[in-house]
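*Asks:* Make a model of this:
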Amino acid sequence: MTSPPPARNWLLLEGGGSQTWAAATGDTILVTAEGPSTNPRSVGEERAVHRLVELIDRVWDDPATAPLGVVAAHGAASTSAAAGDFATLIRRALALTGMTAPVLVTNDLTTLLLSADGPVCVANCGTGTGFAARNGVRWARSSGLEWLLSDEGGGHDLGTAGLRAVVRSLDGRGPDTALTGLARRWCDEAEHAGGNLGEILFFHVYRTEAAKPLVASFAQHVLEAAEDGDTVAARLVENAAAELAAGAAAVCRATSITARTGYTLVLSGSVLTEATLLRGHLMTWAHEHLPPAALLQHTPKSRPEDLLRLRNLWLTPKALAPLAAAMPTHADPAPPALGGARS
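*Replies:* Got it, this is the predicted structure:
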């Protein structure tokens, strides 16, 4: 006689400007899946819902029950209103799979602030940027208002600066740079034989609705050129690091974290955690101005634990209230003890 499959109880989501991670949990993490961005400001609402449906279908194959609740830490939650909007998209995706469930959505930095005891400062640099700090009852956040209003130093900002440096070089407004050759490779010029690089770049960047993550992907070429000694790229990386330092300093100042505070610095986001040169510039600044007592680097392995810690706050309303007052958050009433059946 075969044993029944383990029950799926909670649906977890984490996402930023380029990727989304999903998991179904019971007593342990049962199944996970990764997919592209579900941020509606990057890919549009309909595509975001479609991608959420795909992820839910991949991790939730139990036809008998719906999740007790959905816990989401997502970059789409730039403001409290935006968190509510993204919760609506999650409900739409659930409905398309035949389910309903209460939803908690908060900014993707929130779980990182819960990942260490004592004072914490988070510096996140992926497609965009975000900074947050917690020191006792004091919380603060900066940047994270998307690419038109903030995100200086992030992947989209650095990629844009690199592409502009290429165009400036092509039309004589700026110096020669190794980024020009890298831009040709980035565009896959074979698809556009016969055109000049300016025209090729124009077509490559503007042909897609998802220009934000596309442009952000060029940041890796800027970092590569800087590592190889290109002076134009090196200056752009230094400028990005200065923006990251300014963001971290702002939230530390707002929460009274000083050079004498024993705080944990958490680094997250693919651009920051994978780029040795950029991370090195930021750590040089930190050691000179705000030396951390401990350094943590957010990795995918910590996602389930971080999100389950957030779930536990959701189930304790008094504990959730201070967090929700400081970080963009939408919370449906806490879910009941037992899950509901599919409608």
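*Asks:* wait, what's in contact with S115?
*Replies:* Listed by C-beta atoms under 8 Å, 6 or more residues apart in numbering, the contact set of S115 reads V266, L296, H298, S302, E305, D306, R309. (Glycine included, C-beta is placed from N, CA and C.)
*Asks:* show me where pLDDT drops low in this structure?
*Replies:* When residues are selected by pLDDT under 70, those of the chain lie in 1-7, 63, 189-194, 336-343.
*Asks:* Secondary structure class of the residue nearest to G174 when sequence neighbours are not counted, three-state.
*Replies:* Excluding the flanking residues, the one nearest G174 by C-beta to C-beta, 6 or more residues apart in numbering is R168, at 3.0 Å. Secondary structure state of R168, per DSSP: H, G, I helix; E, B strand; the rest coil, is helix.
*Asks:* Which of the contacts of S115 has the largest number of neighbours?
*Replies:* For those, the largest neighbour count, defined by other C-beta atoms under 10 Å, is 24 neighbours, found at V266.
*Asks:* about what we covered before: show me which of the contacts of S115 is closest to G16.
*Replies:* Nearest to G16 out of the contacts of S115 is H298 (C-beta to C-beta; 11.2 Å).
*Asks:* wait, what's in contact with the closest one?
*Replies:* L112, S115, V266, L267, S268, G269, T273.
*Asks:* By neighbour count, which of those residues wins?
*Replies:* When neighbours are counted by other C-beta under 10 Å, G269 leads those with 27 neighbours.
*Asks:* surely it meets C125?
*Replies:* Yes. Look at G269 against C125 with C-beta atoms under 8 Å: they come within range, at 4.2 Å.
*Asks:* so how far is R91 from the closest residue to I29 other than its chain neighbours?
*Replies:* Nearest non-adjacent residue to I29, counting by C-beta to C-beta, 6+ apart: P304, 4.8 Å away. Here P304 is placed at a distance of 23 Å from R91 (C-beta to C-beta, to the nearest Å).
*Asks:* ditto for E227
*Replies:* In this view, E227 and R91 are 44 Å apart by C-beta to C-beta.
*Asks:* Of these two, which one has the most company?
*Replies:* With neighbours defined as other C-beta under 10 Å, E227 and R91 compare such that R91 has more, 18 against 15.
*Asks:* what's the helix or strand for the more buried one?
*Replies:* helix 80-96 (DSSP states H and E).
*Asks:* How about R303?
*Replies:* According to DSSP H and E, R303 maps onto helix 303-314.
*Asks:* helices and strands around that helix, which ones?
*Replies:* Judged by 3 or more C-beta pairs under 8 Å, 6 or more residues apart in numbering; DSSP states H and E, the packing partners of helix 303-314 are strand 10-15, strand 19-25, strand 69-74, strand 103-106, helix 110-113, helix 317-326.
*Asks:* want to try JSON lines for these, with distance to R235 as columns?
*Replies:* JSON lines is the format used below for those (distance: least, C-beta to C-beta, whole Å):
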{"stretch": "strand 10-15", "distance to R235": "32"}
{"stretch": "strand 19-25", "distance to R235": "29"}
{"stretch": "strand 69-74", "distance to R235": "33"}
{"stretch": "strand 103-106", "distance to R235": "36"}
{"stretch": "helix 110-113", "distance to R235": "30"}
{"stretch": "helix 317-326", "distance to R235": "35"}
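*Asks:* A254 is nearest to which of those?
*Replies:* Comparison of the helices and strands packed on helix 303-314 against A254 by C-beta to C-beta identifies helix 317-326 as nearest, at 10.2 Å.
*Asks:* State the next helix or strand along the chain beyond that closest one.
*Replies:* strand 329-331.
*Asks:* ok, now which ones touch T106?
*Replies:* Contacts of T106 (C-beta under 8 Å, 6+ apart): 72-74, 77, 83, 310, 323-324, 327-331.
*Asks:* right, and out of these, which lies closest to I257?
*Replies:* Ranked by distance to I257 (C-beta to C-beta), the contacts of T106 are led by M327 at 16.8 Å.
*Asks:* Can you get me a residue count around the closest one?
*Replies:* 23.
*Asks:* ok, G269 - contacts?
*Replies:* Shown in contact with G269 (C-beta under 8 Å, 6+ apart): G16, N124, C125, G126, T129, G154, H298.
*Asks:* any idea how far F218 is from the closest residue to it other than its chain neighbours?
*Replies:* Nearest residue to G269, sequence neighbours excluded (C-beta to C-beta, 6+ apart): G126, at 3.6 Å. Applying C-beta to C-beta, the value for G126 to F218 is 14 Å.
*Asks:* got the buried residues for stretch 39-59?
*Replies:* Under the neighbour-count criterion of 16 or more other C-beta atoms under 10 Å, stretch 39-59 has 39-43, 47-49, 51-56, 59 buried.
*Asks:* Distance from stretch 85-98 to the middle of the chain?
*Replies:* 20 Å (C-alpha atoms, centre = their mean, to the nearest Å).
*Asks:* next helix or strand past the helix or strand R253 falls within?
*Replies:* For R253, the host element (DSSP H and E) is helix 231-254. The helix or strand immediately downstream of helix 231-254 is strand 264-268, counting by DSSP H and E.
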